[in-house]
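1. Build me a model:
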Amino acid sequence: MDKNIYISIVVPLYNEESSLKELVERIKLVLIQLGQEYEIVFIDDGSTDRSAAVIEEMCRSDSHIKFLQLRKNYGKAAALAAGFEAVEGLFVVTMDADLQDDPKEIIPLVEKLQKGYDLVSGWKKIRHDPLSRRLASKVYNFFTSMFSGIYLHDFNCGLKAYRQNVVKTIKIYGELHRYLPVLAHRSGFRVTEMVVTHHPRKHGKSKYGFARYLRGAFDLMTVTFLTKYQKRPLHLFGGLGLTFFVTGFIISAFLSFQKIFYRVNLSNRPLLFLGVLLIIVGIQFFSIGLLGEMYTASRPHNETYIIKKRIGWKD
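-> Numbers count the residues shown, from 1 in each chain. Coordinates of the predicted model:
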């Protein structure tokens, strides 16, 4: 690892050829002010336009620019994971390639890290998005804060700053990139947020639709499970199983008492079937928990992406 690199800029992208050269110029204007060694890492997530060709051309003329091309479109989480694996900077800043994130925020974000925080998440307080997206985002952020235990205004902002040990520690896949602050918080890192500038999109169109918020709800459940019960799934499923089993046992014991001492006919009592059902469900939850424990102890740790091309690193 090159220990001289002070800051790494990580830019995942998909079909953003029109924005790339302007983005690099704006980033370099900011980073030159720092007077420190830097790298700009682009991760092409299977673009079908000329994004890869544009980046390769910039790599040939500037050694600070590095390039990872994924073999297909794996999604933003995989692109970020690949970038996090490759970066060498003491501080890492992620930003989108569509020019809506302002590179001028890089220095304030890093200064926030220098005050002792491990992750600084951008907050697009004034957003240049349609009303429907802004309202959906507010609902999404409200419920994420409520269920995650960490209050932020904008979990999904692509502009974030990290200390290197955060990006090297946290593993993301699927669409868990939007929950990086939650994962970091649950791992014991200090997380905060900072208001950042949000610009209107200049080129192309958004790659996200309303469906991502629905997927986000499922991802929130995934994050809650992974951060609380990943290494102890029996604590979750065992607790549910015990609740169902004990409830079913009490119902069955009560009905058995009535049958034995009061000769009550149970053939037409729906409560009998409920008691038996709860006992069965309780045992099933216990079984799921035990299987989860066995899987957790033996699961492999495989990458979720394949890198097609790698430019800018010394082999």
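
2. Domain boundaries for the chain, per the record?
-> Residue ranges for the domains of the chain, per automatic domain parsing: 5-230, 233-298.

3. Out of the ones you listed, which one sits most buried?
-> domain 5-230 (a mean of 18; mean count of other C-beta atoms under 10 Å). To be clear about C-beta, it is placed using only N, CA and C from the backbone, and glycine gets the same treatment.

4. How far away from the center of its chain is that one?
-> 10 Å (C-alpha atoms, centre = their mean, to the nearest Å).

5. for stretch 262-269, same thing?
-> The answer for stretch 262-269 is 54 Å, by C-alpha atoms, centre = their mean.

6. What's the end-to-end length of that stretch?
-> 15 Å (C-alpha to C-alpha, to the nearest Å).

7. Which stretches in the stretch 51-200 of the chain count as helices?
-> Listed in chain order, the helices of the stretch 51-200 of the chain (DSSP state H, counting those that start in this stretch) span 51-61, 76-86, 106-113, 131-148, 164-169, 180-186.

8. Adding distance to Asn265 and mean pLDDT, write those out as TSV.
-> Listed next are these as TSV, based on distance: least, C-beta to C-beta, whole Å; pLDDT from 0 to 100:
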stretch	distance to Asn265	mean pLDDT
helix 51-61	74	96
helix 76-86	58	93
helix 106-113	72	95
helix 131-148	46	77
helix 164-169	62	95
helix 180-186	53	89
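
9. out of these, which comes closest to Gly35?
-> Counting by C-beta to C-beta, Gly35 lies closest to helix 106-113 out of these; the figure is 11.2 Å.

10. Which other helices and strands does the closest one contact?
-> The helices and strands touching helix 106-113, judged by 3 or more C-beta pairs under 8 Å, 6 or more residues apart in numbering; DSSP states H and E, are strand 5-13, helix 20-34, strand 91-94, strand 119-123, strand 160-163, strand 191-195.

11. For Gln258, which of the helices of the stretch 51-200 of the chain is the nearest?
-> Smallest distance to Gln258 across those (C-beta to C-beta): 41.8 Å, for helix 131-148.
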